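Student: Kindly return the folded structure for what I paste below:
(chains A, B, C and D)
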Protein chains: 2
Amino acid sequence: MSKCDSCIVKEFNALKSLTRDELMRVSACKTGKIYRKGQVIFEEGEILNGVYCVKDGVCKLTKLSENGKDQVVKLVVKGGMLGKRSLVSEQKTNLSAVALNDMEMCFIPKSEIMSDLARNPKFTMDVLREMAEDLKESDESLVNMAQKSVKRRMADILIYAQDNFGNDSEGYLSIILSREDYASIVGTATESAIRILSQFKKEGLISTSGKRIKIEDVHGLKWIE
Amino acid sequence: MSKCDSCIVKEFNALKSLTRDELMRVSACKTGKIYRKGQVIFEEGEILNGVYCVKDGVCKLTKLSENGKDQVVKLVVKGGMLGKRSLVSEQKTNLSAVALNDMEMCFIPKSEIMSDLARNPKFTMDVLREMAEDLKESDESLVNMAQKSVKRRMADILIYAQDNFGNDSEGYLSIILSREDYASIVGTATESAIRILSQFKKEGLISTSGKRIKIEDVHGLKWIE
DNA sequence: TCAAAAACATGATATTTGTCATGTAATTAG
DNA sequence: CTAATTACATGACAAATATCATGTTTTTGA
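Tutor: Residues are numbered from 1 along each chain as shown, chains lettered A, B, ... in the order given. Next up is the predicted model:
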């Protein structure tokens, strides 16, 4: 298996701040994992004993609401780390992680990384920085959920997907989500999500081909209230 | 001014993990501040150069939404710390802080605390832990905003207020918020907040006296959908 | 202390969103 | 390949919530 030392993915997360020696040790104990689309990586309530580093693919972090519906809290892509909270808490994880397409990940046991957290301040600060960024983003989403219309939120996620995951060769969003996923991200009923996407299509804001979505008019999408 | 060393408030936050020496240094550079009800502590977009430690009173952390309404993201009470994100980022703060009643706070310049963050792993880990907890709470709120009804969220905040801020001698919630504040916490129009509280009153779930609210039937409140 | 301002309250109505029902298209398992 | 399942789509309606209007009460500041 490839060495963390030479892994480009780590440049996107806190692992970049580990020393060469620390990285060697992490390399030795990490395990590579493959997850298929739809597969559960971990589930709300489990106790995680390590962190996952996403090498490829996308997954959703969700939380089950009391009404029985899953709400997507965050999408994680290449370079992202899952389970950071397990490093500072013995508590059960508050989120589930599910692969949205085929994924490649590395799992690093908590035991190996904890000593680094205690000894390498640069690394700790980086983890802290990431956590702070997550918090900022979560607060932003919270405000959007509370104050923006479902239509506005749907437009936002489409634009977000384009900006963050890009388009395929034909101009369709690279990330392919079910209508149910969209509903779960936006926080609405599946039927409402479908209806809104249909409406966007009618209005020429997007076009579709099967599950694939192409943004035809970003400005129009940005204008929605 | 009192010494941090002997300040009981610090036991509730990461400052408790500073050494005696570090606390002495913090003591020497901190400045005590008083804020009156309604006063702005800092505003979204400012660059904070330190953290605030809440000695007494309650404040709200808010974020302005694009629709022009403020959304309350978190309430902070005695022992809480504001501006943690400023310790790991040069970015402008993403939230505003406003006193909900008269407050007593200590301001600790970032410059003084940064060296401790780099040298005292216990302290850093504590800050990390607090941030992780904030993140968890924010994610929970996000899910609640997306999935629960306004009525349910209103019931939740009332119960939360009772659990976290307690009651006065007559059994009314100790924390006194305007209907607008309730609306801004719940994420709804002020009229809707008023209407829901009126309804709760009619149904005997709460009673009121001026701005003060007394929970008469916690179970009833918990049952609301 | 009194006038002005702010907060509270409620009705009427419009808009948004959810739910249930039903049908079609796409995917998947055998 | 085909039956069965799942995803998508849309209509009809109900429920939740926002908005606008208007009046009352409370608070505030000169």
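
Student: mind listing the helices in chain A by residue range?
Tutor: Applying DSSP state H to chain A gives helices spanning A:20-29, A:110-119, A:121-147, A:150-165, A:179-186, A:190-202, A:218-223.

Student: now those helices in TSV, with distance to DNA strand C?
Tutor: C-beta here means a position set from N, CA and C on the backbone, and glycine is covered the same way. Shown next, in TSV, are the helices of chain A (distance: least, CB to the nearest atom of the strand, whole Å):
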stretch	distance to DNA strand C
helix A:20-29	34
helix A:110-119	34
helix A:121-147	10
helix A:150-165	4
helix A:179-186	8
helix A:190-202	3
helix A:218-223	13
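
Student: Which of those helices sits closest to A:Gly79?
Tutor: helix A:121-147 (10.6 Å; CB to CB).

Student: re the thing from before, which one of the helices of chain A lies closest to B:Lys60?
Tutor: Here helix A:121-147 is closest among the helices of chain A (CB to CB), at 12.8 Å.

Student: Any residue of that closest one touching DNA strand D?
Tutor: No - residues of helix A:121-147 are not located near DNA strand D by CB under 7 Å from any atom of the strand, the shortest gap being 8.2 Å.

Student: again with stretch A:199-216
Tutor: Yes - counting by CB under 7 Å from any atom of the strand, DNA strand D has neighbours in stretch A:199-216: A:208, A:211.

Student: mean confidence score for that stretch?
Tutor: If you average the pLDDT over stretch A:199-216, you get 95.

Student: hmm, back to that, would you turn the helices of chain A into JSON lines with mean neighbour count and distance to chain B?
Tutor: Below are those laid out as JSON lines (neighbours: other CB atoms under 10 Å in any protein chain shown; distance: least, CB to the nearest CB, whole Å):
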{"stretch": "helix A:20-29", "mean neighbour count": "15", "distance to chain B": "15"}
{"stretch": "helix A:110-119", "mean neighbour count": "16", "distance to chain B": "5"}
{"stretch": "helix A:121-147", "mean neighbour count": "21", "distance to chain B": "3"}
{"stretch": "helix A:150-165", "mean neighbour count": "18", "distance to chain B": "8"}
{"stretch": "helix A:179-186", "mean neighbour count": "22", "distance to chain B": "8"}
{"stretch": "helix A:190-202", "mean neighbour count": "16", "distance to chain B": "12"}
{"stretch": "helix A:218-223", "mean neighbour count": "13", "distance to chain B": "11"}
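
Student: ok, what's across the strand from the closest residue to A:Glu44 other than its chain neighbours?
Tutor: Once flanking residues are discounted, A:Glu44 sits nearest to A:Ser96: 4.6 Å by CB to CB, 6 or more residues apart in numbering or on different chains. The partner list for A:Ser96 in beta bridges (DSSP bridges) reads A:Thr62.

Student: can you list contacts of stretch A:117-124?
Tutor: Applying CB atoms under 8 Å, 6 or more residues apart in numbering or on different chains, the external contacts of stretch A:117-124 come out as A:14-15, A:17-19, A:22, A:87, A:116, A:127, B:117-119, B:121, B:124-125, B:128.

Student: Between these, which sits nearest A:Phe42?
Tutor: Using CB to CB, these come closest to A:Phe42 at A:Leu87, 14.4 Å.

Student: Any idea how many residues pack against that closest one?
Tutor: A:Leu87 is flanked by 23 other residues according to other CB atoms under 10 Å in any protein chain shown.

Student: now A:Cys106
Tutor: 24.

Student: pretty sure A:Glu130 is touching A:Gly80, no?
Tutor: No - in terms of CB atoms under 8 Å, A:Glu130 does not count as a neighbour of A:Gly80; the distance is 9.2 Å.

Student: what's the overlap in contacts for those two?
Tutor: A:Asn13.

Student: Where does pLDDT dip in chain A?
Tutor: Residues of chain A meeting the criterion pLDDT under 70: A:1.

Student: near DNA strand D, which residues of it?
Tutor: Counting by CB under 7 Å from any atom of the strand, the residues of chain A near DNA strand D are A:178-180, A:191, A:194-195, A:197-198, A:208, A:211.

Student: and those residues as TSV, adding distance to B:Lys63?
Tutor: Shown next, in TSV, are the residues of chain A next to DNA strand D (distance: CB to CB, whole Å):
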residue	distance to B:Lys63
A:Ser178	31
A:Arg179	29
A:Glu180	29
A:Glu191	30
A:Ile194	30
A:Arg195	29
A:Leu197	28
A:Ser198	32
A:Thr208	34
A:Lys211	34
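
Student: Nearest to B:Ile224, out of the residues you listed: which one, please.
Tutor: Among these, A:Glu191 lies closest to B:Ile224 (CB to CB), at 24.6 Å.

Student: The closest one and A:Val150, how far apart?
Tutor: 11 Å (CB to CB, to the nearest Å).

Student: cool, A:Trp223 as well?
Tutor: On the measure of CB to CB, A:Trp223 and A:Val150 end up 16 Å apart.

Student: what does A:Met103 give?
Tutor: 29 Å.

Student: quick one: the residue nearest to A:Glu44 and A:Gln71 touch, right?
Tutor: No - if you go by CB under 8 Å, A:Ser96 and A:Gln71 don't touch, sitting 10.5 Å apart.
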